[in-house]
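Enquirer: Requesting a structural model of the entry that follows:
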Amino acid sequence: MSRKKKSIAALSAAIAEREKNSTDQTSAVQQLVEAYLSTNNEAKRAKKIAEIKSRCGGLNELLSQNSELLTAEVEQALLRLAILSPTVLLNM
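Expert: Numbers count the residues shown, from 1 in each chain. Down below sits the predicted model:
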């Protein structure tokens with residue numbers, strides 16, 4: 001295999017790995033939002049959030065660097081919830 005093809009293959013593998021990690025972190029953020037919204041009991045909510053954080057090693061770094069992302073995700077989820085079932089929010 002030529003040097004050019006090896007370089008392209010290495011670059012492609014690195015890009016694929018980066019995209020996989022990015023997707024995992026985004027999924028973890030979505031899981032955090034869902035856990036927060038779907039669990040009324042604070043102790044159970046904290047346990048779920050700790051489990052999600054432990055599964056995704058880079059999640060704490062992602063959240064600290066992009067706190068506005070989490071805020072936006074929670075706001076969108078609350079809006080969807082309010083539109084779909086307004087009585088649920090009244091019971092929270």
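Enquirer: Model confidence for residue 24, exactly?
Expert: At residue 24, the model reports a pLDDT of 60.
Enquirer: Give me the distance from the longest helix along the chain to the chain's centre.
Expert: Scanning the chain for the helix with the most residues, using DSSP state H, yields helix 3-38. Centroid separation for helix 3-38 versus its chain: 12 Å, with C-alpha atoms, centre = their mean, to the nearest Å.
Enquirer: What part of this structure, helix or strand, is modelled with the least confidence?
Expert: One helix or strand of the chain scores below all others by mean pLDDT, DSSP states H and E: helix 86-90, with a mean of 58.
Enquirer: Residues in contact with stretch 47-55: which ones?
Expert: 28, 31-32, 35-36, 39, 59-60 (C-beta atoms under 8 Å, 6 or more residues apart in numbering). Every residue, glycine included, has its C-beta placed from N, CA and C.
Enquirer: Centre of the chain to it, how far?
Expert: 11 Å.
Enquirer: Following the chain onward from the longest helix of the chain, which element is next?
Expert: Note on helix 3-38: by DSSP states H and E, the next helix or strand toward the C-terminus is helix 42-55.
Enquirer: which is the next helix or strand following that following helix?
Expert: Taking DSSP H and E as the definition, the helix or strand right after helix 42-55 is helix 59-65.
Enquirer: what's next to stretch 63-81, contact-wise?
Expert: When contacts are defined by C-beta under 8 Å, 6+ apart, stretch 63-81 is touched by residues 29-30, 32-34, 36-37, 62, 88-89.
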